[in-house]
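Colleague: whatever this is, show me its structure:
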Amino acid sequence: MRKYWKLTRILLKSGLGNSGSGSKRKKGIWSKLSGPLRWLVVGLCLLPMAFMLFEMGSGGYEMLSSMNQEGILVELIWFAGALMTLLFGLPYILTVFYMSNDTVNLLPMPLRPVQIVAAKFTVAWFYELLTTAALLGPILIGFGWASGASAGYWLFCLLGLLIMPVMPLMYASIISMIFMRLFKGAKNKSVLTTMGSILLIIASMGIGMLTSQMDTMDQDAMIRLLMSGHNSLVGFLSKMFPNFRFLVAAVLNTDVLSFLLFLVTVAALLVVFLFIAEKLYFSGVLGMTETISRRKAITEGEREKLIRKSGPKSAYFKKEMRLLMRTPVFFLNCALMVVLWPLFVIIPLVVIMVQDGAAVGELFQELGQMGSSLFAPGAMPDGVIALIWVFVFGFTALVGSTNMTSATAISREGKGISTMLYIPMTYQDQVRMKMLPGILFSALGSTFYLVIIFVYVVIVGFPPLAGILALVINVLTILCFNCLQIWRDLCAPKLSWETEQQAVKQNFNSVLTMLLCWGIGGGLGAGAVFLYLQVNPPLYVIGGLACGVLLLLTLLFYRLAMRAADRKLAALE
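Modeller: Numbering: from 1, shown residues only. Okay, here's the model as predicted:
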């Protein structure tokens, strides 16, 4: 136990100690703020989102309490948090357990596998706890405020937030260790880890959708159960985390016994997890740092192809893409989640189609009839067009703000930043090529949904000019946010890191730029809605103004990024 505590403290200190560090020469107001003040600024930036979640919790209670079914909301909150932790925890667990550089230093030490795994698991739990608390906390506070909850509610909610991430992270850890043990003979560990993360995330999404479906019950029986009150629906939501019903009962009824049962089940699974870790971890992690090389005789023609010349910009862009695609940590955190966005829609649809194909057919038929009746060709209401524009902007902003490729483009260089200083290529050209992968990934993440929407609205009569403006909004939003992200990373890059995980996941630039993007997106959206409702100018005037504002912001952030490229990088020489 003593070794576990020491190792955990060292891992947390080494991770958090560099979370805000970067170049020692960086200047600016933000770099002069102390740690608590930085977190205070982050908290203030998160207040709008927290208020929205608070209203969701209080509004949900008011709607469901009239039917005495408010308990289903509490169960939904815990299940959603656990599923989110599982989905995002899988790649994080693989990174922390198998790909971090400290693993190489820990293996020769007199440490048991269970001690290493337990310490790394604690670090993963801590970082996931920050995310789940920020998202679930305001909803639970809103629910408790609206219900006038007792002190026991607040106590069990606090304890639940601390313990809830443990179960999904243990699921993710057990799945990861079994996977790495089964494929320990694979030669290319980087490709194995990357592909394994993708497959595990897809599999966990499918399992979550299948196991979270409500019990098979006809509609009349469900209505009777709903109207019977007394929180009769609690327990129907999740089969993947069956002991959550104890946590729900403890929170709703201030039931100490139910919470003790929840603790016992978590502790039992923890014992099983540590036993599996003792048996499987070393056999899966040994050889993770090994690389392979292939000897192959090449012909004269193949040699000419291998050494053919290309332009410096093209070569630099290929280098950036290869670095992103071939480094598992960078690929999983910068590119994977953006590329996997479509699967969050496809997999639930497939699950529903497997369970009830007739219902899906009826749904698409009703959507087609609704579109034909509401949006006759040439007569689509202005409000519908405006709503589509807002959706295009909002969704593109969401994808662009959560894409960390440009937000960590300079930080990913780390101690190799000196390479940028002496290669025969201007700083501005290097920054442009570093920004291009982020633009491409953002476009890839948003295009899938936009194509579906455009196909649907074009069939029912979406005006061509409105479609062109929607496409312009999409492109300008992507360019604007990527310019903002790389500008911020140029101003204060995080160059002092020991592992790739610290450069991406523990880089405050990605959090700060995400908040800035949300603030800009919310301000632009609110301004457009106010202009439409209060001034009521022609619809296409609003669309043109929106594109104009986005273009000005894009040019502003692009200019700032180019100036920072010359000034900040030259200061490192």
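
Colleague: okay, now the unreliable bits of the stretch 351-500 of the chain?
Modeller: Applying pLDDT under 70 to the stretch 351-500 of the chain flags the ranges 351-384, 448-450, 452-462, 498-499.

Colleague: after the helix or strand encompassing Met435, which helix or strand is next?
Modeller: Assigned by DSSP states H and E, Met435 belongs to helix 427-459. Downstream of helix 427-459, the first helix or strand assigned by DSSP H and E is helix 464-491.

Colleague: elements contacting that following helix?
Modeller: If you count contacts as 3 or more C-beta pairs under 8 Å, 6 or more residues apart in numbering; DSSP states H and E, helix 464-491 packs onto helix 382-402, helix 427-459, helix 508-530, helix 539-571. All C-beta spots, glycine's among them, are computed from the backbone N, C-alpha and C.

Colleague: okay, buried residues for that helix please.
Modeller: For helix 464-491, burial by neighbour count (16 or more other C-beta atoms under 10 Å) applies to 466-467, 469-470, 472-491.

Colleague: same check, this time on stretch 420-431
Modeller: Residues of stretch 420-431 classed as buried: Met420, Tyr427, Gln430, Val431 (neighbour count, 16+ other C-beta under 10 Å).

Colleague: can you lay out those residues as CSV showing distance to Val541?
Modeller: Conversion of these to CSV gives the following (distance: C-beta to C-beta, whole Å):
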residue, distance to Val541
Met420, 44
Tyr427, 40
Gln430, 40
Val431, 35
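
Colleague: ok, of the residues you listed, which one's closest to Tyr61?
Modeller: Val431 (49.1 Å; C-beta to C-beta).

Colleague: do you know how far the residue lying closest to that closest one once chain neighbours are set aside is from Ile439?
Modeller: Leaving aside its chain neighbours, Val431 sits nearest to Ala565 (4.3 Å; criterion: C-beta to C-beta, 6 or more residues apart in numbering). Distance, Ala565 to Ile439, using C-beta to C-beta, to the nearest Å: 16 Å.

Colleague: more neighbours: these two, which one.
Modeller: The residue with more neighbours, out of Ala565 and Ile439, is Ala565; 23 against 20, by other C-beta atoms under 10 Å.

Colleague: about what we covered before: can you tell me which two in the buried residues of stretch 420-431 are farthest apart?
Modeller: So, these by C-beta to C-beta: farthest apart are Met420 and Val431, at 9.1 Å.

Colleague: could you dump the helices and strands packed on helix 464-491 to TSV with distance to Asn333?
Modeller: TSV is the format used below for these (distance: least, C-beta to C-beta, whole Å):
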stretch	distance to Asn333
helix 382-402	11
helix 427-459	12
helix 508-530	9
helix 539-571	22
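
Colleague: out of these, which is closest to Arg2?
Modeller: helix 508-530 (32.5 Å).

Colleague: tell me what that closest one is packed against?
Modeller: Other helices and strands packing on helix 508-530, by 3+ C-beta pairs under 8 Å, 6+ apart, are helix 35-65, helix 382-402, helix 464-491, helix 539-571.

Colleague: what's the most buried one of the ones you listed?
Modeller: Per-stretch averages of neighbours, counted by mean count of other C-beta atoms under 10 Å, single out helix 464-491 among the helices and strands packed on helix 508-530, with a mean of 22.

Colleague: sorry, back to before: figure out which of the helices and strands packed on helix 464-491 is closest to Met52.
Modeller: Closest approach to Met52 among the helices and strands packed on helix 464-491 (C-beta to C-beta): helix 508-530, 10.3 Å.

Colleague: and the closest one, average pLDDT?
Modeller: With pLDDT averaged residue by residue, helix 508-530 scores 79.

Colleague: what of stretch 133-143?
Modeller: Model confidence over stretch 133-143 averages 86 on the pLDDT scale.

Colleague: just the CA trace of it, in PDB.
Modeller: In PDB, the C-alpha atoms belonging to stretch 133-143 read as follows (Å, rounded to 0.1, in the frame of the first residue of the first chain):
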ATOM      1  CA  ALA A 133     -18.200  16.500 -12.100                       C
ATOM      2  CA  ALA A 134     -18.300  19.500 -14.400                       C
ATOM      3  CA  LEU A 135     -21.100  17.900 -16.500                       C
ATOM      4  CA  LEU A 136     -23.200  16.000 -14.000                       C
ATOM      5  CA  GLY A 137     -22.800  18.400 -11.000                       C
ATOM      6  CA  PRO A 138     -24.900  21.200 -12.300                       C
ATOM      7  CA  ILE A 139     -27.800  18.900 -13.300                       C
ATOM      8  CA  LEU A 140     -27.800  17.200  -9.900                       C
ATOM      9  CA  ILE A 141     -27.700  20.700  -8.200                       C
ATOM     10  CA  GLY A 142     -30.700  21.800 -10.400                       C
ATOM     11  CA  PHE A 143     -32.600  18.700  -9.500                       C
END
